[in-house]
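S.K.: Here's a sequence, model it:
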Amino acid sequence: MTAATGSLSKSETVYRELRQRITDGRYVPGFRIVLGQVAKEMGVSVVPVREALRRLEAERLITFTRNVGAQVASIDVGDYAESMEVLAMLEGMATALAARQLTEEQLGQAAAVNDQLRALSQSNSFDPRQFTQLNNRFHEILCGACPNAHLHDLLVEEWRRIAVIRRNVFAFEPVRSEKSVAEHDQILSLIRSQAPAEEIETAARRHKLRTRRDFVESPPDPARV
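M.R.: Below is the predicted model of the structure:
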């Protein structure tokens, strides 16, 4: 990356770049972020880099350690569990609000994605990364129609937080993935039948909380994925 340009402030530009590197795995847990090195690479002073790092610390994406400095935060199962609880509430409400707004085309897209998830869960070469991406896409389609823009923005931000954790530790394994696909079928069925919003919200919320419970009780081994 060269010097910060465009309408974004230098601090915002540095923040977005560092956050992207953490999210996509270029900076792995424990990676040390050297303030001066980043400033030189991005063509800015240390001030905007320091500001960006403080924002990332507030998001719990990095930690500061005495005599070490800034490091990418390690995976925290407790943090994941809390995030999933918040996500369950937000996603349940967003799905319920979006239900009446979804078109047949959008429902068809969601069903098609779930069919891909079904095929992947039954495959002999299960790919948790691909499953995670498709699973995210399924929920993005459903919640994308949520008419409450503020709620949707909060949901997107929480998805981003979860994505950082799932980068190296996946919540999906073959047995769990089959449960998720079946629950997706149930949610789609409720939406298509125009079930009461409360039923749709409950189904979507339980779906996410079940994933949380399975992960916390038996987290997958990163060496296997």
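
S.K.: how about the one helix or strand R129 maps to: buried residues?
M.R.: With secondary structure defined by DSSP states H and E, R129 is part of helix 128-143. By neighbour count on 16 or more other CB atoms under 10 Å, the buried set for helix 128-143 is 128, 131-132, 134-135, 138-139, 141-143. For every residue, glycine as well, the C-beta is placed using N, CA and C.

S.K.: ok, now stretch 48-68?
M.R.: The neighbour-count check on stretch 48-68 (16+ other CB under 10 Å) flags 48-49, 51-53, 55-56, 59, 61-63 as buried.

S.K.: Redo those residues as JSON lines? Include distance to K40.
M.R.: Output for those, formatted as JSON lines (distance: CB to CB, whole Å):
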{"residue": "P48", "distance to K40": "13"}
{"residue": "V49", "distance to K40": "10"}
{"residue": "E51", "distance to K40": "17"}
{"residue": "A52", "distance to K40": "15"}
{"residue": "L53", "distance to K40": "15"}
{"residue": "R55", "distance to K40": "20"}
{"residue": "L56", "distance to K40": "19"}
{"residue": "E59", "distance to K40": "24"}
{"residue": "L61", "distance to K40": "22"}
{"residue": "I62", "distance to K40": "19"}
{"residue": "T63", "distance to K40": "23"}
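
S.K.: ok, R137 touching V113?
M.R.: Yes. Taking CB atoms under 8 Å as the definition, R137 is a contact partner of V113 at 5.3 Å.

S.K.: rewinding a little: could you export the buried residues of helix 128-143 as TSV, including pLDDT and distance to G108?
M.R.: Shown next, in TSV, are the buried residues of helix 128-143 (pLDDT from 0 to 100; distance: CB to CB, whole Å):
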residue	pLDDT	distance to G108
P128	80	26
F131	87	21
T132	84	22
L134	92	15
N135	91	18
F138	97	12
H139	96	16
I141	97	10
L142	97	12
C143	97	17
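
S.K.: can you give me the helices for this structure?
M.R.: Along the chain, the segments classed as helices by DSSP state H run 10-23, 35-42, 46-58, 77-98, 104-121, 128-143, 149-166, 174-192, 197-217.

S.K.: can you list contacts of the helix or strand of the chain with the lowest mean pLDDT?
M.R.: Ranking every helix and strand in the chain by mean pLDDT, DSSP states H and E puts helix 149-166 at the bottom, with a mean of 84. Contacting residues not belonging to helix 149-166 are listed as 22-23, 59, 61, 75-76, 79-80, 83-84, 86-87, 90-91, 93-94, 97, 132, 136, 139-140, 143-144, 146 [CB atoms under 8 Å, 6 or more residues apart in numbering].

S.K.: which of those are buried?
M.R.: Buried members of the contacts of helix 149-166, counted by 16+ other CB under 10 Å: 22, 59, 61, 80, 83-84, 87, 90-91, 93-94, 97, 132, 139, 143-144, 146.

S.K.: Outline the domain layout of this protein.
M.R.: Domain assignment for the chain by automatic domain parsing gives 10-72, 77-224.

S.K.: now the angle from the helix holding R129 to helix 149-166?
M.R.: If you take axes from the mean of the first three to the mean of the last three CA atoms, to 10 degrees, helix 128-143 sits at 170 degrees to helix 149-166.

S.K.: mind checking how far helix 128-143 is from the chain centre?
M.R.: Here helix 128-143 is found 10 Å from its chain centre; the criterion is CA atoms, centre = their mean, to the nearest Å.

S.K.: again with stretch 57-65
M.R.: On CA atoms, centre = their mean, the centre of stretch 57-65 falls 18 Å from that of its chain.

S.K.: got the end-to-end distance for that stretch?
M.R.: Length of stretch 57-65, first residue to last, CA to CA, to the nearest Å: 11 Å.
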